[in-house]
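K.L.:
Could you look at this predicted model? Sequence included:
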Amino acid sequence: MERRIGFVGIILENREGVEAVNHVLSGHAGMILARVGLPCREKGISVITLVVEATTDELGSLSGRLGKIAGVSVKSALAKERK
């Protein structure tokens, strides 16, 4: 399967899931090209954006594991396949 460039958007609705999110991300570090985190203290949420290079299976694994963490919302996409 071809590895493609994509992104993952993660919203943490509380601080309780931070350790679990970081644990999942460290387990998938090989696909992460860039990571930007923004704590929105006044709203009580944090936003993390990742740029990744992954197959659809790898991205699905990462998104699925993150989505199982309480208080975490995840959206992801990969660039279209080149023909």
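P.N.:
Done, it's in. Residues are numbered from 1 along each chain as shown.
K.L.:
can you give me the helices for the chain?
P.N.:
Secondary structure of the chain by DSSP state H: the helices cover 18-27, 56-67.
K.L.:
quick one, which of the ones you listed is nearest to C40?
P.N.:
Closest to C40 of the helices of the chain, according to Cβ to Cβ: helix 18-27, at 13.6 Å. All C-beta spots, glycine's among them, are computed from the backbone N, C-alpha and C.
K.L.:
Dump the closest one to PDB, restricted to CA.
P.N.:
Output of helix 18-27 as PDB, limited to C-alpha atoms (Å, rounded to 0.1, in the frame of the first residue of the first chain):
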ATOM      1  CA  VAL A  18      -3.300  14.200  27.500                       C
ATOM      2  CA  GLU A  19      -1.100  11.300  28.800                       C
ATOM      3  CA  ALA A  20      -3.100   8.700  26.800                       C
ATOM      4  CA  VAL A  21      -2.900  10.800  23.600                       C
ATOM      5  CA  ASN A  22       0.900  11.300  24.000                       C
ATOM      6  CA  HIS A  23       1.300   7.600  24.500                       C
ATOM      7  CA  VAL A  24      -0.600   6.800  21.300                       C
ATOM      8  CA  LEU A  25       1.300   9.400  19.300                       C
ATOM      9  CA  SER A  26       4.700   8.100  20.500                       C
ATOM     10  CA  GLY A  27       3.700   4.700  19.400                       C
END
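K.L.:
now it and helix 56-67, what's the angle there?
P.N.:
Interaxial angle of helix 18-27 relative to helix 56-67 (axes from the mean of the first three to the mean of the last three Cα atoms, to 10 degrees): 170 degrees.
K.L.:
Quick one: residues in contact with helix 18-27.
P.N.:
For helix 18-27, the external contacting residues (Cβ atoms under 8 Å, 6 or more residues apart in numbering) are 10, 12, 32, 35, 46, 48, 50, 62, 65-66, 69, 72.
K.L.:
Show the model's pLDDT score for S76.
P.N.:
S76 is assigned a pLDDT of 97 by the prediction.
K.L.:
and the contacts of helix 18-27, which are buried?
P.N.:
10, 12, 32, 46, 48, 50, 62, 65-66, 69, 72 (16 or more other Cβ atoms under 10 Å).
K.L.:
how long is stretch 63-71 from one end to the other?
P.N.:
End-to-end span of stretch 63-71 (Cα to Cα, to the nearest Å): 14 Å.
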